[in-house]
Structures are given as C-alpha cells and as structure tokens.
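Enquirer: can you look at this prediction? I've put the sequence above it.
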Amino acid sequence: MNTYTKPHSGAPRSRGKFSKFGSKKPAQRFTHGRKPFRGGGRGYKKDFIDERMFINKATTKVKDVYKAKHTFADFGLEPHLLKNIITKGYITPSPIQDQTIPLGLKGKDVIGIANTGTGKTAAFLLPLIQKILLNKKEKVLVLAPTRELAQQIDVEFRAFTTGMKLFSVACVGGAPIGKQIRELDLGVHVVIGTPGRVKDLITRGKIKPAIFGSVVLDEADRMLDMGFIDDIRTILAQMPKNRQSFFFSATFGTAIAKLCGEFLNEPITISVRTSDTAESVHQDVVRIGGDRAKKIEILHELLCRPECAKVLIFRETKRSVDELGHELNKRGFKAMALHGDMRNRERERAVKALATGSVQVVIATDVAARGIDIPDISHVINYDIPSTYDTYIHRIGRTGRGDRTGNALTFI
C-alpha cells in the first residue's frame, strides 16, 4: 500500500498519495484544479488554506550558526543562580536568551518574537530571578494560555531556583483552587497562571495586582486567539504603571501590537523568528481521497512504521479525540487522549507518558496541546485539517524543536 513515504531532503517525493507542490510561500488561495480547504465539521468555521502550505522540506543546507555575544557567566548573575543554570546543562545562550537577558537585567520592557522551542522561558525567567534575588520583596506575575504551559514554566522556575528559598505557585484551572489559595496565603515570589484563574483569584482578593513589579505574557498571540484579551486587559490595568514587562509571541499581529502600545513602556523588540513554519520540520500531505473509511487504515499503517516512535495527533473535538484513542488502543497501539474535559492530573499523565515513551501516541485537541513541550516528538499528524494556518503553525511547532528535525503530516 503506497500511502506514505517518509519525506527526506534530496529524494523525490512519493508519487503515491502525496502532492507534487512544494512552494514555500504560495498564494493564500488558488484554483489551479484544486479547491482550497474550507469548513468540514458542523459548527466549525475554517479559513481557506491552500494545500501547498502543508508541504515543505526541512532545511538541509548549512545555516549560519548564531554566535552568542555572551556566555551565561557574562550576565553577572548571582553565583547560586549561575550554578543552577550550569547544572541544568545550559552552556551557550540561545539567540533569544542572548539578546533578551541583558535587556531584562537593565529593567527594560521587551517584546520577544521567536519560534517555539527557542528558549524563551529562560530568557524571561533568568533576569526576573536575578531581580528577586536582589530584592526579595519583588513580585512577578507570569500569564500563559494553558495550564500545561503554566505548569511547565513553574517547573523551570523551581529548577533554576533550587536551594534559594524562592517560591512560586501555578494558578491554573482544572486544579484545586483551595491548594492554590493556601500557597498564596503562605507567600510566594512568582505567580504563574492562566488569565481566567488569575482573574478569579484577584476577584477573591487572593492575588493583588498592585504589588507585582514585573509581568510576563508568554505566547501572547495564543492567549488572544483563545479569547483572553479582556481578562488580560483587566489584570494589566490593575498593575503598577512603572512595572517591567515581557511580552513573548510567535507572531506579531495588529492585536498584539495594540496591546503592547497600551501597556508597555518604550519596549525593545527582539525578533529571532526565522519563518512561518519550522525550517526543521518535514511537512507533507497524506491523500485520503473520497474513501474516508480508509483513513484509519492509513493511520494504522503509518503508526506501524518504526520512525513513528513518538506521535502527536490532532483532532478538532473532544469526542473525536476519545473515539480515535479508543480505536487505536483496540488495534494494539499504546495511545492516550488529551483534551479539556480531562482532569488536570489525567492531562499531566498523558503528557508525561508521551515524554517518557510509555505510550507511542497522544491524540489531542488544539486547546489542550497549546504550550506542551514534549522532547523528541517524531511526528505531528493532522488527522483533522486545522481550522486556520496559524493553528497549523502551532501544531507542527510541537516537533522539530531546538536543533532536532521533525515530521508533520496532514490528512486531506
């Protein structure tokens, strides 16, 4: 069954189920014998997406190697913090770290535009940890679009501050609010949370925005896409005007620009974003044709291939995620679901299972998968076509992270 040929640089693309188009920047819409994708599921409005935008070979030419201007020792960080950085295996700052940390240490507001997996978390955490070490009364608020991302930032903060007696709390929905309130009552230096839960705790009087001298918006574009703009404005409006702010985003559209204009003080923009889609990701399509019943059989064949070792599959709805997970388990694959109706510990278990390799497949909705950082994902499979091209960019950003190469396949 000639359904899938692993795309690789220097080899011709399979003539089986795959498109021959390979333009990196085609027109948004075209009508050369093929219809752009629109709609599909009842209740879902989709953008027109040219199928050629799902096809791109990973860059194989030798790229210019970024030469960092600093080492971590050059930043003048506290010795204990520097020791923890080295313990974590950090050697040379990534471009976003190299350019952002010095500005952060000077108290500047920063707009960071960078692809996912470029080290943004350390870029804002390190200068803010240094700021807290120099003034233990300093309070930091970090807002993230999903509980998974907020919890990962919290884990990073705890690793960087091991042995320092600095405290943080992840304030996210889906987790017991009582425990979060107890942590806040005990006193913390850093609050890391999702906008909805943070706003709830503000309303309850457990978080007082006026005491925070620094704020971070991580994946700001995703928070706006998810409808958090009003919550964010409400939170930022209650914070001191002379605060230090870090806004990080993979894209910089009109809405983000307006938000920055409202709430940042003479920000400096650092952009290390290289392209719309990860250059290190092989992107291709798998043609299903008119026989939709064969879709699961094609997926089955793909998952039997040894290169599909750690796979993240995207579906549109929670129900469809559960259905596909059940079917794959019936077929003998180790698979788990990841969606918003699951309890927090269940979602954490699914992420950990894929990260450790105890399952081969996690099937997720877009909202649930935003912000997750699982190392070495071999394949992202768009079992359902994404509703927008921005959603597609986010999905495939889960693979090919750092200096690794990944694969993205879209069923059409």
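Expert: Now that the structure is in, tell me what you want to look at.
Enquirer: so which helix or strand takes in Arg222?
Expert: helix 220-225 (DSSP states H and E).
Enquirer: now the element after that helix, going C-ward?
Expert: Downstream of helix 220-225 (by DSSP H and E), the next one is helix 229-237.
Enquirer: any buried residues in that following helix, and which?
Expert: For helix 229-237, burial by neighbour count (16 or more other Cβ atoms under 10 Å) applies to Ile229, Asp231, Ile232, Ile235, Leu236. C-beta: built from backbone N, CA, C; applies to glycine.
Enquirer: helix, strand or coil for Gly340?
Expert: When classified by DSSP: H, G, I helix; E, B strand; the rest coil, Gly340 comes out as coil.
Enquirer: show me the contacts for the nearest residue to His80 once chain neighbours are set aside.
Expert: Sequence neighbours aside, Met164 is the residue nearest to His80 in space, at 5.9 Å (criterion: Cβ to Cβ, 6 or more residues apart in numbering). By Cβ atoms under 8 Å, 6 or more residues apart in numbering, the contact list for Met164 reads His80, Leu81, Asn84, Leu133.
Enquirer: distance of the first one relative to His394?
Expert: This points to His80. Distance from His80 to His394, counting by Cβ to Cβ, to the nearest Å: 36 Å.
Enquirer: can you give me the end-to-end span of stretch 109-123?
Expert: Terminal residues of stretch 109-123 are spaced 13 Å apart (Cα to Cα, to the nearest Å).
Enquirer: any idea of the mean pLDDT in that stretch?
Expert: Here stretch 109-123 scores 88 as its mean pLDDT.
Enquirer: please apply the same query to stretch 338-350.
Expert: pLDDT averaged over stretch 338-350 gives 87.
Enquirer: give the buried residues for it.
Expert: Residues of stretch 338-350 classed as buried under the neighbour-count rule (16+ other Cβ under 10 Å) are Leu338, His339, Met342, Arg347, Glu348, Arg349, Ala350.
Enquirer: what does it rub up against?
Expert: Counting by Cβ under 8 Å, 6+ apart, 147-148, 151, 172, 174-175, 318, 321-322, 336-337, 351, 359, 362-365, 367-369, 372 sit against stretch 338-350.
Enquirer: okay, now Leu77: neighbour count?
Expert: By other Cβ atoms under 10 Å, 21 other residues sit near Leu77.
Enquirer: can you report phi and psi for it?
Expert: Backbone geometry at Leu77, expressed as degrees, to the nearest 10, gives phi -70, psi 160.
Enquirer: thinking it is in contact with Ala122, fair?
Expert: No - applying Cβ atoms under 8 Å as the test, Leu77 and Ala122 come out as separate, 11.4 Å apart.
Enquirer: can you list the domains in the chain?
Expert: 51-60+280-411, 72-271 (automatic domain parsing).
Enquirer: pick out the shakiest of the ones you listed, pLDDT-wise.
Expert: Among the domains of the chain, domain 51-60+280-411 carries the lowest mean pLDDT (a mean of 87).
Enquirer: quick one on the thing from earlier: name the residue in His80 and His394 with the higher neighbour count.
Expert: Counted by other Cβ under 10 Å, His80 and His394 do not tie: His394 has more neighbours, with 23 against 15.
Enquirer: which strands or helices does the helix or strand encompassing the more buried one pack on?
Expert: Using DSSP H and E, His394 sits in helix 389-396. Packing partners of helix 389-396 (3 or more Cβ pairs under 8 Å, 6 or more residues apart in numbering; DSSP states H and E): helix 220-225, helix 366-369, strand 379-382, strand 406-411.
Enquirer: please name whichever of the ones you listed is nearest to Gln99.
Expert: Among these, the nearest to Gln99 by Cβ to Cβ is helix 220-225 (18.0 Å).
Enquirer: contacts for that closest one, please.
Expert: For helix 220-225, using Cβ under 8 Å, 6+ apart, the contacting residues are 143-146, 195, 217, 229, 232, 247-253, 255-256, 259, 370-371, 390, 394.
Enquirer: would you map the helices across this protein?
Expert: Here the chain has its helices, by DSSP state H, at 79-87, 95-105, 120-134, 147-160, 177-186, 195-203, 220-225, 229-237, 254-263, 295-303, 318-330, 344-356, 366-369, 389-396.
Enquirer: quick one: buried residues of the first one?
Expert: By neighbour count, with 16+ other Cβ under 10 Å as the criterion, the buried positions of helix 79-87 are Leu81, Leu82, Asn84, Ile85.
Enquirer: of all pairs in these, which one is the farthest apart?
Expert: Leu82 and Asn84 (7.4 Å).
Enquirer: ok so, going back, and the helices of the chain as a markdown table, adding distance to Ile381?
Expert: Formatted as a markdown table, the helices of the chain follow (distance: least, Cβ to Cβ, whole Å):
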| stretch | distance to Ile381 |
| --- | --- |
| helix 79-87 | 36 |
| helix 95-105 | 28 |
| helix 120-134 | 26 |
| helix 147-160 | 19 |
| helix 177-186 | 35 |
| helix 195-203 | 30 |
| helix 220-225 | 21 |
| helix 229-237 | 31 |
| helix 254-263 | 29 |
| helix 295-303 | 7 |
| helix 318-330 | 10 |
| helix 344-356 | 13 |
| helix 366-369 | 12 |
| helix 389-396 | 9 |
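Enquirer: show me the one of those that comes nearest Gln283.
Expert: Per Cβ to Cβ, nearest to Gln283 of those: helix 389-396, 6.6 Å.
Enquirer: report the inter-axis angle for that closest one versus strand 406-411.
Expert: On the basis of axes from the mean of the first three to the mean of the last three Cα atoms, to 10 degrees, helix 389-396 is oriented at 130 degrees to strand 406-411.
Enquirer: Phe160: which of the contacts of Met164 is nearest?
Expert: Distances from Phe160 to the contacts of Met164, taken by Cβ to Cβ, are shortest for Asn84, at 5.3 Å.
Enquirer: go ahead and produce CSV holding the CA coordinates of the helix holding His394.
Expert: C-alpha atoms of helix 389-396 as CSV (Å, rounded to 0.1, in the frame of the first residue of the first chain):
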residue,chain,number,x,y,z
TYR,A,389,-3.0,28.4,9.1
ASP,A,390,-1.9,29.9,12.4
THR,A,391,-3.3,26.8,14.1
TYR,A,392,-1.3,24.6,11.7
ILE,A,393,1.9,26.5,12.6
HIS,A,394,1.3,26.0,16.2
ARG,A,395,0.6,22.2,15.7
ILE,A,396,3.7,21.5,13.8
